[in-house]
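Asker: Just a sequence and a predicted model for now, questions to come.
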Amino acid sequence: MGVIELDGLTKDYGDVLANDDVSFTVETGEIFGYLGPNGAGKTTTIRTLLGLLEPTSGTATVLGADVHDEDALIDAKQRIGYLPAHLGFNEEVTGADVLDYHASVKSGDRRDELLEIFTPPVERPIREYSSGNKRMLGIIQAFMHDPELVIMDEPTSGLDPLKQEEFNEFARDECERGKTLFFSSHVLSEVRRICDRIGILRDGKLVGLEDVETLMEQGGKHVRLRTTDEARTELTALDGVNDVQTFADGIQFIYTGEYNTLLRELATHDVHEIDISEPPLEDVFMHYYGVDGEGEPNQEVQSDA
């Protein structure tokens with residue numbers, strides 16, 4: 001049995017189908033990224049896994065506990081850490097007060113260790129915290145009781161780049177220690193760095209379940225350059241050039257071909273400026289999965305759930 005198993009999980013609010021027959025499995029020791037734009041239904045899945053929402057149909061298990069079984073889920077949650085997207089800390093208490101409270105409920109064996117990595121000013125009231133300091137405090141409370149599974153919703157939101165990288169290194173270390181991490185994000189570059197697999201949610205549907213390497217190979221690169229008219233014409237004829245857009249003195253496109261071929265072609269032209277980056281998440285959706293006229297994914301989901 002996987003650490004997390006979803007089987008046809010559906011949550012229908014009436015006017016919004018937040019989760020639509022979602023099925024997948026998260027294995028022990030895996031870092032699983034749950035990816036999708038804001039409003040895709042990621043938080044609904046997380047809240048259902050934690051027993052905060054009742055599914056309309058289908059089911060899920062977390063550490064072997066069925067989300068319909070309240071008593072079993074309560075026991076399982078002693079072994080789960082949770083970091084919500086919106087941290088509802090009491091603004092009048094200090095960070096130390098918050099950690100003391102969580103330690104009284106679920107222990108705080110790793111508190112001191114975590115405070116050396118993530119450094120919120122625990123002696124100060126929460127009302128004086130930046131968003132980054134609040135996020136670091138949230139990370140500490142999620143991990144300090146040494147849970148088997150940690151579920152996080154947008155875990156690096158508000159962190160500066162240095163702390164984001166420290167979090168990434170910490171997450172990889174936790175995985176090596178045997179922990180299972182499940183977190184949602186709308187930032188492709190974030191999950192790419194540390195995840196083993198990625199599930200992609202779009203309008204409540206699971207439209208992809210891939211290992212990271214496969215996803216990035218299929219997603220391609222976003223290329224933007226300033227060059228001559230002749231170069232623009234020849235570059236757009238290359239295999240693997242998609243979604244071409246032109247502007248006053250240049251061109252941009254998604255490239256899914258062999259990178260050395262692109263570089264050799266670029267070397268034959270007068271290139272004034274170039275930027276190669278990961279495409280925006282929505283572009284990955286449109287290129288890799290696409291939609292047909294009915295608004296449904298035009299590829300079958302590849303799943304080992």
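Answerer: On my side now, so go ahead.

Asker: What mean pLDDT does stretch 269-277 get?
Answerer: Stretch 269-277 carries an average pLDDT of 90.

Asker: Quick check: buried residues in it?
Answerer: Residues of stretch 269-277 include none that count as buried (16 or more other CB atoms under 10 Å). To be clear about C-beta, it is placed using only N, CA and C from the backbone, and glycine gets the same treatment.

Asker: tell me the contacts of the closest residue to residue 234 other than its chain neighbours?
Answerer: Of all residues not flanking residue 234 in the chain, residue 265 sits nearest, at 6.9 Å (CB to CB, 6 or more residues apart in numbering). Residue 265 makes contacts with 234, 235, 238, as judged by CB atoms under 8 Å, 6 or more residues apart in numbering.

Asker: Please report how far residue 265 lies from residue 244.
Answerer: Noted for residue 265: a distance of 14 Å to residue 244, by CB to CB, to the nearest Å.

Asker: Now the element after the helix or strand harbouring the residue nearest to residue 234, going C-ward?
Answerer: Per DSSP states H and E, residue 265 falls inside helix 259-266. Next helix or strand after helix 259-266 toward the C-terminus (DSSP H and E): strand 271-277.

Asker: In its sheet, which strands sit next to that next one, and in what direction?
Answerer: strand 221-227 (antiparallel) (DSSP bridges).

Asker: okay, the angle between whichever helix or strand comes after the strand it pairs with and helix 259-266?
Answerer: Tracing the chain past strand 221-227, the next element assigned as helix or strand by DSSP H and E is helix 229-236. For helix 229-236 against helix 259-266, the angle by axes from the mean of the first three to the mean of the last three CA atoms, to 10 degrees is 160 degrees.

Asker: Figure out how far helix 229-236 is from the centre of its chain.
Answerer: 36 Å (CA atoms, centre = their mean, to the nearest Å).

Asker: Mind giving me the packing neighbours of that helix?
Answerer: Applying 3 or more CB pairs under 8 Å, 6 or more residues apart in numbering; DSSP states H and E, one finds that helix 229-236 makes contact with strand 241-247, strand 250-255, helix 259-266.
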